[in-house]
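> Based on what follows, work out the 3D shape:
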Amino acid sequence: MQKIFKNAHKQIATFVVLEPDTVDRNGDSITADEILKTAIEFFINKDKKTINTNHERGTDRFDAVYVGSWIAPVDIPTPAGEPIKQGSWLVDIKFLSEETWQKVLDGTITGVSMEGYATYNP
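Sure, this is the predicted structure:
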């Protein structure tokens, strides 16, 4: 389940990218230590990153920019009752156009996905 928090006044949404020890849609999970490494690598290289739609080429969004990237220092309660786990990676995205922000508000844009490659160590 994607977690998203919206600040309508500032057109900023906070998305949970990864939660430690939580199985994703692909049946994979990741530790808090690996999440931290991934988030640091992302931040170091963020100027080379673009926001796109469904990891498809040619869908770069220039009306949405990363404005924050952080690790939850403690479990964070949510209005829905399912807390964000300590060690989760969150990103804040500022939506620059009304059209794209409306997609966040109406639920067309519901979350983010880290695009990358992994090596499995059984």
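> can you pull the contacts of residue 86?
20, 32, 72, 73, 74, 75 (Cβ atoms under 8 Å, 6 or more residues apart in numbering). All C-beta atoms are positioned from the backbone trio N, CA, C, and that covers glycine.
> Buried among those? Need that as a selection in PyMOL.
Selecting just the buried residues from the contacts of residue 86 in PyMOL takes one command, with 16 or more other Cβ atoms under 10 Å as the test:
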select buried, resi 20+32+72
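> What is the nearest of the contacts of residue 86 to residue 90?
Of all the contacts of residue 86, the one sitting nearest residue 90 is residue 72; the distance, using Cβ to Cβ, is 6.5 Å.
> How about that closest one, nearest residue that isn't a chain neighbour?
Leaving out its chain neighbours, the residue that sits closest to residue 72 by Cβ to Cβ, 6 or more residues apart in numbering is residue 88, at 4.4 Å.
> I'd say that neighbour and residue 15 touch.
No. Contact status for residue 88 versus residue 15: not in contact, 10.5 Å apart, counting by Cβ atoms under 8 Å.
> So between the two, which is more surrounded?
residue 88 (22 against 19; other Cβ atoms under 10 Å).
> before we move on, back to that, using a markdown table, lay out the contacts of residue 86 together with secondary structure, pLDDT and distance to residue 103.
Compiled in a markdown table, the contacts of residue 86 are given as follows (DSSP: H, G, I helix; E, B strand; the rest coil; pLDDT from 0 to 100; distance: Cβ to Cβ, whole Å):
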| residue | secondary structure | pLDDT | distance to residue 103 |
| --- | --- | --- | --- |
| 20 | coil | 97 | 29 |
| 32 | helix | 96 | 31 |
| 72 | coil | 96 | 26 |
| 73 | coil | 96 | 30 |
| 74 | coil | 96 | 31 |
| 75 | coil | 95 | 30 |
